[in-house]
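> predicted model follows, preceded by the sequence.
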Amino acid sequence: MKRAILNIRILRKHGACTEAVEWFETQPKKDYKSLLISCIKEDHLEWVNWMLLRLLTKENKIRYAIYAATQVLHIFEKKYPGDDRPRKAITAARNYVKNPVNKDAATAATADSAAYAAAYAYADSAAYAAADSATDVSEQKKITTKILTYGYKLLMKERKS
């Protein structure tokens, strides 16, 4: 089982900001769960998302993005009724996760690139789109925390395998 401990070397390897590194050094517990809880309590939600996008496998980044997008899809659809592009993108990403191998290599490469790009963009922004779109601060934090917690669970599954 891989250890679920974060360290300075990992943060520096991925280019963490100085503020996050300094905050990390003050934390008594370095396990992912304790750090997640502390980040949520101290409103460093963007740091959790940033780290998840660097630690998750490509497939789990896509799963994370799908989950994030589905959490805020209703907000988009309310604002833009009739625009089904996000729903179609979510469906395409789900299909990719279910069957990443395509008979046509060119199509597979294109789908793979598109799914990865969409996943990265969604995962990087969907939590914050939720925050921007939600009606009040507590709802913003609730949606974002739910998305980040899902990402954390994906990471923990990876670490166990």
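Arrived safely.

> C-terminal to the lowest-mean-pLDDT helix or strand in the chain, what's the next element?
When the helices and strands of the chain are compared on mean pLDDT, DSSP states H and E, helix 105-133 comes out lowest with a mean of 53. Reading on from helix 105-133 to the C-terminus, the next helix or strand found by DSSP states H and E is helix 137-160.

> from the contact counts, what lies against that next one?
Helices and strands touching helix 137-160, by 3 or more Cβ pairs under 8 Å, 6 or more residues apart in numbering; DSSP states H and E, are helix 32-41, helix 45-55, helix 58-79, helix 105-133. Heads up, the C-betas are built off the backbone N, CA and C, glycines and all.

> buried sites along that helix?
Along helix 137-160, the positions that meet the burial threshold by neighbour count (16 or more other Cβ atoms under 10 Å) are 140, 141, 143, 144, 145, 147, 148, 150, 151, 152, 154, 155.

> what's the closest of those residues to residue 23?
residue 148 (16.3 Å; Cβ to Cβ).

> mind listing what the spatially closest residue to the closest one that is not a sequence neighbour touches?
Spatial nearest neighbour of residue 148, chain neighbours left out: residue 48 (4.7 Å); criterion: Cβ to Cβ, 6 or more residues apart in numbering. When contacts are counted by Cβ atoms under 8 Å, 6 or more residues apart in numbering, residue 48 is found next to 35, 36, 39, 40, 148, 151, 152.

> 7 Å - rerun?
If a contact means Cβ atoms under 7 Å, 6 or more residues apart in numbering, then residue 48 has 36, 39, 148 as its contacts.

> can you check the pLDDT for residue 158?
On pLDDT, residue 158 comes in at 90.

> so it touches residue 57, yeah?
Yes. In terms of Cβ atoms under 7 Å, residue 158 counts as a neighbour of residue 57; the distance is 6.1 Å.

> alright, I will stop here.
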